[in-house]
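Undergrad: got a structure for you, letters missing:
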């Protein structure tokens, strides 16, 4: 074998090793969202948010999207309990987290807070605290709701925006 042939084999081997290293780095970086850790502060871990409406309906965040949505009529209101779970369902598990895993921040230290923001405040508005609130339908239309859980200024969990509609009065 000539030096040129040996050089090509070494170069190919090195190229394959680099490609394998890059692939391993990508796989490690992507990881498994189910295994991702949420910040835990004073024993409180939030992995998903559950919104339980006064009519019994439930909407819950699921990794990067929501299942369900609150229903409110124009010129009406709906009460909503803010609940959380420390368990993250698997990406292909689209059932609500088990009720026995739900908790509220009612007994958490005072520095825990929940910020709920309605994107279009001409369609709906939110009033409430870290345990519950009221969604006020102002006029028919669609908007988004953002929910962030914090301890002081540290964000513990930020759910993806939740699309919802204010329905016309019938």
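TA: Noted; the coordinates are in hand. Keep in mind that what you see is a predicted model, and the values were worked out from it rather than measured.
Undergrad: for the record, mean pLDDT for the lengthiest strand in the chain?
TA: Identified as the longest strand of the chain according to DSSP state E is strand 141-151. This predicted structure assigns strand 141-151 an average pLDDT of 96.
Undergrad: Sheet-wise, list the partners of that strand with their directions.
TA: Taking DSSP bridges as the criterion, strand 141-151 pairs within the sheet with strand 112-118 (antiparallel), strand 154-158 (antiparallel), strand 162-167 (antiparallel).
Undergrad: Looking at the ones you listed, spot the one closest to residue 133.
TA: strand 112-118 (6.2 Å; CB to CB). In short, each C-beta sits where N, CA and C put it, glycine included.
Undergrad: Could you pull out the strands in this protein for me?
TA: When assigned using DSSP E, the strands of the chain occupy the ranges 40-41, 44-45, 48-53, 58-62, 65-67, 71-73, 77-85, 102-103, 112-118, 124-128, 132-137, 141-151, 154-158, 162-167.
Undergrad: In CSV, list these along with distance to residue 95 and mean neighbour count.
TA: As requested, these are arranged in CSV below (distance: least, CB to CB, whole Å; neighbours: other CB atoms under 10 Å):
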stretch, distance to residue 95, mean neighbour count
strand 40-41, 24, 14
strand 44-45, 20, 18
strand 48-53, 12, 22
strand 58-62, 9, 21
strand 65-67, 8, 15
strand 71-73, 20, 18
strand 77-85, 12, 20
strand 102-103, 13, 18
strand 112-118, 24, 17
strand 124-128, 26, 17
strand 132-137, 24, 19
strand 141-151, 20, 18
strand 154-158, 20, 15
strand 162-167, 18, 19
